[in-house]
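Peer 1: Got a predicted structure plus its sequence, pasted below:
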Amino acid sequence: MALSKVNFNSLNLTPTASKVVKFNSNNNGLEAGDVGGAMVLISEQTASSSSAISFTSGIDSTYKEYVFKFIDIHPSNNAVSFQFNGSADSGSNYNVTKTTSFFQAYHEEDDGSTGFGYDTGSDIAQGTGFQNFTSGSSANNNDDCLVATVRLFNPSSTTFVKHFMINAQTTNSTSDPNVTVNYIAGYFNTTSAIDAIQFKFSSGNIDSGTIKMYGVT
């Protein structure tokens, strides 16, 4: 059988973009074109010695995915965990049953120690309590803070459970200064719509920081 020769000089190997990503005219999201959704800013809250931050409106059937961005979240107390829970009754109760997985990596500033592993103390198996973002690693020194992203999928579905994914990073400079990265995933085990979300620390207030909620088209 004869083999056909290919003239590589005649091939155009330049990648072709199927969309252009740009900020929209309101500067509150991205216009992503055909192969990706736009992130539309729905609401934003800034903490100031707040016991909790709750989003009780805007989580509905408008979007199939919601994204929460956490910017420089600073606790009033030391060695605390940032947490969240969902509500199926517009914020009257934050106690939805969930099952989750939690693993983390850390690296000390002096390169003295590193670690990576599953955290059995921070996952939940069919429990109604608040889910940790961090495992007691959020510190309250002046320059310490937490950043994170939460993705919540199709919260208004009345057929399926509601999956979520969390990526959180925090600094701890009080002892053995380090950076810790946490990856959490799970689902609200309910076919009721999730229509409100609350965020707080396991102890003390959210001293400062901003939380933004986006819908993904």
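Peer 2: That came in fine, so what should we check first?
Peer 1: how near is V179 to N93?
Peer 2: Computed with C-beta to C-beta, to the nearest Å, the distance linking V179 and N93 is 35 Å. The way it works is simple: take the backbone N, C-alpha and C, and place the C-beta from them, glycine included.
Peer 1: how many neighbours does N78 have?
Peer 2: Neighbourhood size, N78 [other C-beta atoms under 10 Å]: 16.
Peer 1: OK, contacts around it?
Peer 2: 139-141, 174 (C-beta atoms under 8 Å, 6 or more residues apart in numbering).
Peer 1: Max pairwise distance over those: which two?
Peer 2: Greatest spatial distance among these (C-beta to C-beta): N140 and T174, at 7.9 Å.
Peer 1: So these two - more neighbours on which side?
Peer 2: For N140 versus T174, neighbours defined as other C-beta under 10 Å are more numerous around N140 (19 against 13).
Peer 1: The residue nearest the centre of the chain: which element?
Peer 2: What sits nearest the mean C-alpha location of the chain, by C-alpha atoms, centre = their mean, is V150, with 1.7 Å. Here V150 is covered by strand 146-153, with elements defined by DSSP states H and E.
Peer 1: just F199 next, same as before
Peer 2: strand 196-201.
Peer 1: Dump that strand to CSV, restricted to CA.
Peer 2: Below are the C-alpha coordinates for strand 196-201, written out as CSV (Å, rounded to 0.1, in the frame of the first residue of the first chain):
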residue,chain,number,x,y,z
ALA,A,196,-30.1,31.2,49.8
ILE,A,197,-26.5,30.8,50.9
GLN,A,198,-24.7,31.9,54.1
PHE,A,199,-21.0,32.4,54.8
LYS,A,200,-19.3,32.8,58.2
PHE,A,201,-16.4,31.9,60.4
